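Colleague: Starting from these lines, generate the structure:
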Amino acid sequence: MSKSRLLIIFSMVLMAVFTMNLISAGVGTIWNYNNFANYYNVYNIATCSIQGVRGCPNELGWQGSDIGFKFYLDKTLSGNSKFNLNVGYFSSSKPIDIYVSGHRIASDYLVNSAGLYSFEFPSSYLRPNRFNTIRIIMKDVSVGYGYPSQGFVISSVSLTN
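Modeller: Here you go, the predicted structure:
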C-alpha cells in the first residue's frame, strides 16, 4: 500500500474518532426558541415556558425588564453550556444580568447592538429531569406606557452544549 493511501486512511480514522467524541460529549443544540409574541402590554416579571403554546414576550425596555425562559431538561449535560441571545432590534444600551437556575452568569453586561451574544456557564447549573429557568433582567430601565423606546427586542434564544 502506498504512503498516500495510508495517510488518507489514517486521516479518515482520526476524523471518525473525533466526530464520535463530539457526539458522545453532547455537542449541539439542546433547544432553540423563536416563538415570541409581542403583546404590546406592560409586564412585571414574565416567566414563560418554551414548550408552551402562547409564546414569550420579546421586548426588554418599556414593556418589561425581567424575562424567564422555563424549560424541561431530560438529560444530564457535561462540560460547559451556552445561552445564546439573538437581538433583532436595538434601541439603547442598558445593563443586563443573566441567571441560570439562580446562578448569575452575566452581571451588568451591556448589549450594544443587534446581533448574537453567547454566555458560557458550567452545565452543572442545569438540573436534569426537571424544569430549569434562564432569566434576563435589564437594569436602569423605565417600564411603562409613555416611555421612549429603550433596550432591545429578542429574535431568538437557544441553549447549546
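
Colleague: can you map out the helices along this protein?
Modeller: Assigned by DSSP state H, the chain shows helices spanning 3-25.

Colleague: That one: strands as residue ranges?
Modeller: Assigned by DSSP state E, the strands in the chain fall at 29-33, 46-49, 59-60, 66-73, 80-90, 95-100, 103-110, 115-122, 130-138, 152-160.

Colleague: Can you tell me which of those strands is nearest to Gly144?
Modeller: Of all the strands of the chain, strand 59-60 sits nearest to Gly144, with 12.7 Å by C-beta to C-beta. Glycine gets a C-beta too; all of them are placed from N, C-alpha and C.

Colleague: Check which helices and strands the closest one sits against.
Modeller: Judged by 3 or more C-beta pairs under 8 Å, 6 or more residues apart in numbering; DSSP states H and E, the packing partners of strand 59-60 are strand 152-160.

Colleague: Could you name the helices and strands sitting against the strand it packs on?
Modeller: When contacts are defined as 3+ C-beta pairs under 8 Å, 6+ apart, strand 152-160 packs onto strand 29-33, strand 59-60, strand 66-73, strand 80-90.

Colleague: quick check: angle from the third one to strand 80-90?
Modeller: Yep, that's strand 66-73 we're talking about. Interaxial angle of strand 66-73 relative to strand 80-90 (axes from the mean of the first three to the mean of the last three C-alpha atoms, to 10 degrees): 140 degrees.

Colleague: Pro57 touches Thr47, doesn't it?
Modeller: No. The criterion here is C-beta atoms under 8 Å, and Pro57 misses it with Thr47 at 10.5 Å.

Colleague: And the two? Which one has more around it.
Modeller: Remark: of Pro57 and Thr47, Pro57 carries more neighbours, 21 against 13, as counted by other C-beta atoms under 10 Å.
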